[in-house]
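**Student:** next input, structure requested:
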Amino acid sequence: MPQSNPASVIRFLHTIENLKRTKRTGWLDNGINQPESISDHMHRMGIMAMLVNDPSLNRDRCIKMAIVHDLAEAVVGDITPHAGVSKEEKYNLEKAAMESFKETLGNTPEVTEIADLWYEYEEAKTQEALFVKDLDKFEMVVQALEYEKSDQKRLQGFFDSTMGKFQHPAVKAWAEELYKERIEVLKQMEN
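**Tutor:** Here you go, the predicted structure:
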């Protein structure tokens, strides 16, 4: 079975290290102190995927998808909807990054799996991809609430952008609980 060249693996690991260093743009744009990195976001999504017991989903596939869904951002950065980059251009930039990973690592079955998971997430046609899309949005609002608490700053736009968009029953239930907690947090902020 073909293996990636060790030097290529090291080069790839150095590239994806950018995910650990790159702070998420939405938090930077809102003046958050010590904002999370892209890696931080993907890690918690992976943990979230582990928490759902849904026999209709391939749980392992969801966990893997969560930890690779933003991998291309190691090359292109965290491009938000407010960056002035079209969805098509963002997709093309990220696709080129994923293809460069495959080329660097020699198109092994392992890197092909990573790329296939990324494409599946982007296409949002499978139950697993739709579930991970829910986790992506939900992780963002969990983080928004945590920043509202720590930075004493209202981040309503993050909640508005996700309101009514959760599809998976477990994520919907988590969101309802989070919204209840937020009401209490906002009351405390007003006092």
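
**Student:** pLDDT below threshold where in this structure?
**Tutor:** 1 (pLDDT under 70).

**Student:** give me that answer again for 50
**Tutor:** When residues are selected by pLDDT under 50, none of them lie in the chain.

**Student:** where is the longest helix in it?
**Tutor:** helix 127-151 (DSSP state H).

**Student:** tell me how far that one is from the chain's mean position?
**Tutor:** A distance of 8 Å separates the centroid of the chain from that of helix 127-151, by Cα atoms, centre = their mean, to the nearest Å.

**Student:** and whichever helix or strand comes after it, what's buried?
**Tutor:** Per DSSP states H and E, the first helix or strand lying C-terminal to helix 127-151 is helix 156-160. Buried residues in helix 156-160, counted by 16 or more other Cβ atoms under 10 Å: 158-159. Glycine gets a C-beta too; all of them are placed from N, C-alpha and C.

**Student:** on that earlier part again, show me what the longest helix of the chain is packed against.
**Tutor:** helix 25-29, helix 38-51, helix 59-68, helix 109-123, helix 156-160, helix 169-190 (3 or more Cβ pairs under 8 Å, 6 or more residues apart in numbering; DSSP states H and E).

**Student:** could you dump the ones you listed into TSV and include distance to H14?
**Tutor:** Formatted as TSV, the helices and strands packed on helix 127-151 follow (distance: least, Cβ to Cβ, whole Å):
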stretch	distance to H14
helix 25-29	22
helix 38-51	14
helix 59-68	17
helix 109-123	16
helix 156-160	32
helix 169-190	34
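
**Student:** looking at those helices, which is buried most?
**Tutor:** Of these, the one with the most neighbours on average (mean count of other Cβ atoms under 10 Å) is helix 59-68, at a mean of 21.

**Student:** and the helices and strands packed on helix 127-151: which comes nearest V142?
**Tutor:** Across the helices and strands packed on helix 127-151, V142 has its closest neighbour in helix 169-190 (6.3 Å, Cβ to Cβ).

**Student:** what's the angle between the closest one and helix 38-51?
**Tutor:** Taking axes from the mean of the first three to the mean of the last three Cα atoms, to 10 degrees, one finds helix 169-190 and helix 38-51 inclined to each other by 130 degrees.
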